[in-house]
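Enquirer: Sequence first, then the predicted structure, then my questions.
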Amino acid sequence: MAHKCTQCGREFEDGSNVILKGCPSCGGKKFLFISPQDMHKDVLEEKSIKQIAEETKEQFLEIKEDKKRPETAHTSNQVEMYDRIESITVINPGSYEINLEKLAESDELVIRMGSDDRYMVDIHSMGKISKSKSKSKKKSNKRR
Amino acid sequence: MNFFIRTRKRLSKFLNAFFKKRQSRIGIYGPPNAGKTTLSNRIVRDWTGDALGPVSEIPHETRRARRKEGITISNQNGNTVTIDIVDTPGVTTKIDYQEFIEYGMEKDDAIKRAREATEGVAEAMHWLREDIDGVIYMLDATLDPFTQVNIMLVGIIESRDLPVIIVANKIDLPDASASAIRKAFPQHPVIPVSGLEGNNMEELYEKMLEYFG
């Protein structure tokens, strides 16, 4: 099932990560699950996306923002979350924000302290050679 | 004489480290309070009679990854698979000690728990990168599966080409909906279970044999 933005009608492939940040064209946060044959019905049959949704009875995918603790969220920085360099932000002692994508990439730790841009760089973590890297090196050596 | 025994032991340990076939390591991942430890305990108890760790209604009870090695799962057809189960800390993007205070914890303990939980998330992500061969992704079937953490983490697991089984847990509760989880992740098998009651575990074991065998 592909996704279609309910605001501007832009289509996205199944499992597309792009829509997690909202629609790149219009910033819309609501997407309709749509099968490939219904994909262009809005243009070809001059139907609104709402009508297509009623016909196909598919569900919507809505990208939600965590509104639970707005006091800890940096609303102005929220958009940049995916470009952030820090893996962990220490907002206060005991309050943390964790950048899963950075942590999934490597063990290298960059920690941001507070909401102003103060950073701590864990050089020790960057000096380690990760196992997967050494494994892939071995593999490539074997191939040669 | 003692010297010989000790040397032999050390030598066999050394050789084992080199020649022992490594079992598939299956990580149990998911958001906090999805029931990862409850499920791990059930799997470990069903096949070895042991347990893995304590459970609690306060989120982030598991703050270090726990591992149980050499669990052999089998079915009536004689298929078997031997795996290591890794119960990981709940993955989330925000940890705030205030949440634990709401559960009646003292401030100092809550702050300590938050720090350990943050370390736990980093550890869970480290395992995912380095040492996991397959994933059981746990979700609480009473909650909305469309959260950033779930979509992001399943995406990360997919990008590593790891086999993944999604478990819709807590189906013993009245407002649980496994179909909502199926709709959220149609690309993966979704097994509804109750880790607490042990409902539908056979189907999960069958799927584990199929996916991790």
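Expert: Thanks, I have it.
Enquirer: Can you tell me which residue sits nearest the middle of chain B?
Expert: The centroid of chain B falls nearest to residue B:28 when counting by Cα atoms, centre = their mean (1.8 Å).
Enquirer: So what sits opposite that one in the bridge?
Expert: Beta-bridge partners recorded for residue B:28 (DSSP bridges): residue B:87, residue B:136.
Enquirer: which residue ranges form the helices in chain A?
Expert: A:41-44, A:49-56, A:100-105, A:123-127, A:131-143 (DSSP state H).
Enquirer: How about chain B?
Expert: B:2-19, B:36-48, B:97-102, B:107-130, B:148-159, B:178-184, B:201-212.
Enquirer: Serialize those to a markdown table and add fields for mean pLDDT, mean neighbour count and distance to residue B:61.
Expert: The C-beta positions use only the backbone N, C-alpha and C, and glycine is treated the same way. Formatted as a markdown table, the helices of chain B follow (pLDDT from 0 to 100; neighbours: other Cβ atoms under 10 Å in any protein chain shown; distance: least, Cβ to Cβ, whole Å):
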| stretch | mean pLDDT | mean neighbour count | distance to residue B:61 |
| --- | --- | --- | --- |
| helix B:2-19 | 65 | 9 | 32 |
| helix B:36-48 | 94 | 21 | 7 |
| helix B:97-102 | 94 | 18 | 11 |
| helix B:107-130 | 92 | 19 | 9 |
| helix B:148-159 | 92 | 19 | 18 |
| helix B:178-184 | 94 | 19 | 23 |
| helix B:201-212 | 94 | 17 | 22 |
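Enquirer: Which of these sits closest to residue A:16?
Expert: helix B:148-159 (9.9 Å; Cβ to Cβ).
Enquirer: interface residues of chain B facing chain A?
Expert: B:91-98, B:110-111, B:114-115, B:118, B:121-122, B:125-126, B:128-131, B:144, B:146-149, B:151-153, B:155-156, B:158, B:183, B:186-187 (Cβ under 8 Å from any Cβ of the partner chain).
Enquirer: who touches residue A:61 in this structure?
Expert: A:3, A:19, A:30-33, B:146 (Cβ atoms under 8 Å, 6 or more residues apart in numbering or on different chains).
Enquirer: cool, residue B:146 as well?
Expert: A:61-64, B:184.
Enquirer: Tell me which residues of stretch B:83-103 come out buried.
Expert: If you call a residue buried by 16 or more other Cβ atoms under 10 Å in any protein chain shown, then stretch B:83-103 has these buried ones: B:83-101.
Enquirer: Apart from its neighbours in sequence, what residue is nearest residue A:6?
Expert: Leaving aside its chain neighbours, residue A:6 sits nearest to residue A:30 (4.5 Å; criterion: Cβ to Cβ, 6 or more residues apart in numbering or on different chains).
Enquirer: The one you found and chain B: what is the separation?
Expert: 11 Å (Cβ to the nearest Cβ, to the nearest Å).
Enquirer: For that residue, name its beta-bridge partners.
Expert: residue A:62.
Enquirer: give me the number of residues near the closest residue to chain B within chain A?
Expert: Nearest residue of chain A to chain B: residue A:94, at 3.3 Å (Cβ to the nearest Cβ). Neighbours of residue A:94 under the rule other Cβ atoms under 10 Å in any protein chain shown: 22.
Enquirer: Next one: it relative to residue B:88, how far apart?
Expert: Relative to residue B:88, residue A:94 is positioned 22 Å away (Cβ to Cβ, to the nearest Å).
Enquirer: do residue A:105 as well
Expert: 18 Å.
Enquirer: again with residue B:140
Expert: 16 Å.
Enquirer: Please check the contacts of residue A:61 and keep the buried ones.
Expert: By neighbour count, with 16+ other Cβ under 10 Å, the contacts of residue A:61 hold A:3, A:19, A:30-33, B:146 as buried.
Enquirer: Could you list the single helix or strand in chain A with the lowest mean pLDDT?
Expert: Ranking every helix and strand in chain A by mean pLDDT, DSSP states H and E puts helix A:131-143 at the bottom, with a mean of 48.
Enquirer: Residue B:199: what's it in contact with?
Expert: By Cβ under 8 Å, 6+ apart, residue B:199 lies in contact with B:171-172, B:193.
Enquirer: Kindly report the same for residue B:177.
Expert: Listed by Cβ under 8 Å, 6+ apart, the contact partners of residue B:177 are B:141-142.
Enquirer: Backbone dihedrals for it, please?
Expert: Phi and psi for residue B:177, reported as degrees, to the nearest 10, are phi -140, psi 100.
Enquirer: Could you check the pLDDT of it?
Expert: Residue B:177 is assigned a predicted lDDT (pLDDT) of 94.
Enquirer: before we move on, the earlier item: report the two of the buried ones among the contacts of residue A:61 separated the most.
Expert: A:32 and B:146 (13.6 Å).
Enquirer: Pop the domain breakdown of chain A in here.
Expert: Listed by automatic domain parsing, the domain ranges of chain A are A:2-62, A:75-127.
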